[in-house]
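Chemist: Provide a 3D model corresponding to the input given below.
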Amino acid sequence: MTTNNSIAATAYQTSAAGQNDHISALKFITCGSVDDGKSTLIGRLLVDSRAVLQDHLAGVQRGGETDLALLTDGLSAEREQGITIDVAYRYFATETRKFIIGDAPGHEQYTRNMVTAASSADAVVVLVDATKLDWQNPELALLPQTRRHSLLAHLLRVHSLVFAVNKLDAVQDPVLAWKHIQGALAAFAQAAGIAVRATVPVSALKGWNVVDAHAGWCGYQGPTLLQVLEALPNTPADTALPLAFPVQWVEKSSSSSSDTSQGRRVFWGRVASGNVAPGTPVQIFPSGQLATVAQVLDHARRASDVPAGTSAGIILDREVDVSRGDWILATPTAAAAPADDDFGDTPAAVPAWPASRELHTTVAWMDDEPLVAGRVYWALHGHRWVKAKVKAVVHKLNINTLAEEAATQLDPNAIGHVQLVLQEAIPAAAFSKARVLGSLILVDTASHKTAGAVLVN
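Modeler: I've put the predicted structure just below:
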């Protein structure tokens with residue numbers, strides 16, 4: 001059986017071997033329950049990696065000591081209440097890696113902020129406060145927010161998840177506490193089907209095993225948290241899939257007004273899947289018109305082939321009616337004729353991304369009003385808005401037992417399976433296959449507040 005220590009050590013050795021891309025910045029967030037030490041941990045990473053200027057450090061002194069949490073709690077309300085409300089981003093770099101850190105709030109009512117941050121993260125560090133758990137019990141129960149944030153990160157396909165067990169320096173028997181908490185985390189992750197990159201014992205306040213190792217503490221001999229983060233890969237783009245390009249902005253190119261060999265408009269957006277290059281045959285959704293890519297521009301307007309995850313401007317070989325919210329997709333593929341077809345009928349082509357009006361989804365509900373059948377919301381898919389009606393709430397997920405329970409509604413911060421019916425068909429795909437095509441958000445039609453994060457099953 002592979003232990004968390006060996007997984008972390010293997011990751012560190014992989015990093016040392018130079019097999020990971022250390023040029024690209026790793027975007028990760030810290031999350032967990034309230035007062036687990038998330039802001040303090042980020043402050044420790046910044047201070048010990050020498051990413052904080054002296055004048056900034058002098059401004060977070062309280063009673064002659066440095067309050068590390070104030071390095072990320074930038075809102076006045078956060079400083080007054082001593083809590084994190086919104087996601088705060090900070091930047092730092094080591095000799096081998098650049099990092100973008102997001103400090104997500106731990107309070108349950110701010111779960112929507114955590115979901116927003118996790119949706120674009122390469123990794124999640126879930127903090128676990130040892131002092132809040134019955135660490136003497138080998139069958140100890142984890143805190144609800146630890147479970148909820150881990151499940152949300154898993155649902156959002158965050159590529160790497162790391163558990164950091166904090167405040168072990170404040171318990172009487174850190175060795176026993178580490179053993180029991182590590183076992184509880186491993187059992188929870190296995191039951192939930194979550195792949196954990198590493199589990200590290202840390203003391204954010206004292207700095208143990210954060211940047212600098214505290215050898216032998218808790219019987220742990222693996223790499224520090226920073227060494228684990230340096231070894232984590234960036235989220236791979238969906239380059240192996242057929243082309244899908246949501247049009248965000250349409251620009252009329254005046255320089256090509258006299259050129260009739262290609263279209264006179266540039267369609268800007270970010271490639272969701274596949275690759276786009278000159279000569280690529282495409283189909284416009286929803287019109288179904290066919291065209292060929294004449295030219296591809298990168299973010300600096302240089303002619304270049306552009307892979308998934310990268311912004312691009314596409315110029316087609318002719319004028320085609322394309323607007324913001326439309327999709328430029330790979331052309332349908334010809335279906336093979338059945339062997340017993342005596343008439344030689346040509347079968348219909350198979351769309352690269354079939355469109356559908358009925359979706360079976362997993363919803364992380366974030367509105368104050370519960371989600372019930374019959375309600376109508378605006379749904380945003382790519383850059384296309386469409387009305388969505390809740391057909392049925394199938395069940396909700398019990399975050400404590402991971403059981404699927406019968407339900408007629410989803411309360412705030414609940415997770416469950418929901419059937420949606422759309423006013424128009426969209427080229428949606430399973431989120432497990434394609435992140436961009438498989439994700440939507442629901443927006444309240446009256447208040448215009450983001451109500452839910454939707455993952456297509």
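
Chemist: Below-threshold pLDDT in the stretch 201-350 of the chain: ranges please.
Modeler: 253-259, 335-347 (pLDDT under 70).

Chemist: ok, which stretches of the stretch 101-250 of the chain are helices?
Modeler: Using DSSP state H, counting those that start in this stretch, the helices of the stretch 101-250 of the chain run over 111-118, 144-155, 174-192, 225-231.

Chemist: which parts of the third one are buried?
Modeler: Counting neighbours by 16 or more other Cβ atoms under 10 Å, one finds that the buried residues in helix 174-192 are P174, A177, W178, H180, I181, Q182, A184, L185, A186, F188, A189. Bear in mind the C-beta positions are built from the backbone N, C-alpha and C, glycine included.

Chemist: Same check on the second one?
Modeler: Along helix 144-155, the positions that meet the burial threshold by neighbour count (16+ other Cβ under 10 Å) are Q145, T146, R147, R148, H149, S150, L151, L152, A153, H154, L155.

Chemist: Can you pull out the residues in contact with it?
Modeler: Residues outside helix 144-155 that contact it (Cβ atoms under 8 Å, 6 or more residues apart in numbering): 31-34, 104, 106, 108, 111, 114-115, 118, 121, 124, 126, 128, 161, 188-189, 192-194, 362, 364, 397, 399-400, 413, 415, 455.

Chemist: got the contact list for the residue nearest the centre of the chain?
Modeler: Note on the chain: the residue nearest the mean C-alpha position is S119, at 2.7 Å, using Cα atoms, centre = their mean. The contact partners of S119, taken as Cβ under 8 Å, 6+ apart, are L156, S439, A453.

Chemist: Pretty sure the second one sits against G452.
Modeler: No - using Cβ atoms under 8 Å as the test, S439 is too far from G452 to be in contact (11.3 Å).

Chemist: The two - which one has more neighbours?
Modeler: G452 (26 against 21; other Cβ atoms under 10 Å).

Chemist: show me the contacts for that one.
Modeler: Applying Cβ under 8 Å, 6+ apart to G452 gives the contacts V363, A364, W365, M366, D367, L371, Y377, L410, I441, L442.

Chemist: Kindly state the pLDDT recorded for it?
Modeler: What the model reports for G452 is a pLDDT of 92.

Chemist: which SSE is it in?
Modeler: Using DSSP states H and E, G452 sits within strand 450-456.

Chemist: list the buried ones in that strand?
Modeler: T450, A451, G452, A453, V454, L455, V456.

Chemist: Of the helices of the stretch 101-250 of the chain, give the one that comes closest to W268.
Modeler: Evaluated with Cβ to Cβ, the helices of the stretch 101-250 of the chain place helix 111-118 nearest to W268, the distance being 23.2 Å.

Chemist: Which strands or helices does that closest one pack on?
Modeler: strand 26-32, helix 144-155 (3 or more Cβ pairs under 8 Å, 6 or more residues apart in numbering; DSSP states H and E).

Chemist: can you do 6 Å?
Modeler: Helix 111-118 is packed against strand 26-32, with contacts defined by 3 or more Cβ pairs under 6 Å, 6 or more residues apart in numbering; DSSP states H and E.

Chemist: I'd like to check the angle between the strand it packs on and helix 144-155, please.
Modeler: With axes from the mean of the first three to the mean of the last three Cα atoms, to 10 degrees applied, the angle from strand 26-32 to helix 144-155 works out at 150 degrees.
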